[in-house]
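Chemist: Structure for the following, please:
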Amino acid sequence: QAIIADVNKNGTTVFSTQANRPQIAAGETTGDSGTPDVTALAEGDKLTIDIDQVGSGTAGADLTVEVVCSQLVVFS
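Modeler: Modelled structure (predicted):
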């Protein structure tokens, strides 16, 4: 099975559509996500990552989750 991660803003998932969560298919080394449902950030917001499913078979190691913003965020 795939490894599935979740990105949370202030403790609440940004993926209301759970099928869009980032995942890496079994036997692969990279993965992707669909578009998050929550995209607005404000100063002081905290992003955290949860691993919702670890997959099956041989456990992975050295997982990196990258959050990429497509718009410049400026706090004044």
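
Chemist: Where does pLDDT dip in this protein?
Modeler: For the chain, residues meeting the criterion pLDDT under 70 lie at 57-58, 60, 72-76.

Chemist: ok, D32 - how many residues close by?
Modeler: D32 has 8 neighbours, counted by other C-beta atoms under 10 Å. (Glycine included, C-beta is placed from N, CA and C.)

Chemist: swap in E28?
Modeler: Using other C-beta under 10 Å, E28 is surrounded by 10 other residues.

Chemist: Can I take it that it is in a helix?
Modeler: No. Counting by DSSP: H, G, I helix; E, B strand; the rest coil, E28 falls outside a helix, being coil.

Chemist: Distance check, it against V38.
Modeler: Distance, E28 to V38, by C-beta to C-beta, to the nearest Å: 26 Å.

Chemist: What count of nearby residues applies to V14?
Modeler: When neighbours are defined as other C-beta under 10 Å, V14 has 21 of them.

Chemist: was I right about it contacting V7?
Modeler: Yes. Using C-beta atoms under 8 Å, V14 is in contact with V7, at 5.1 Å.

Chemist: Overlap in contacts, the two.
Modeler: Contact criterion C-beta atoms under 8 Å, 6 or more residues apart in numbering; residues shared by V14 and V7: P36.

Chemist: Return the distance of stretch 35-50 from the chain's centre.
Modeler: Distance of stretch 35-50 from its chain centroid, counting by C-alpha atoms, centre = their mean, to the nearest Å, is 10 Å.

Chemist: Now that stretch: buried residues?
Modeler: 36, 41 (16 or more other C-beta atoms under 10 Å).

Chemist: Can you give the contact residues for it?
Modeler: For stretch 35-50, the external contacting residues (C-beta under 8 Å, 6+ apart) are 5-17, 20, 65, 67, 69, 73, 75.
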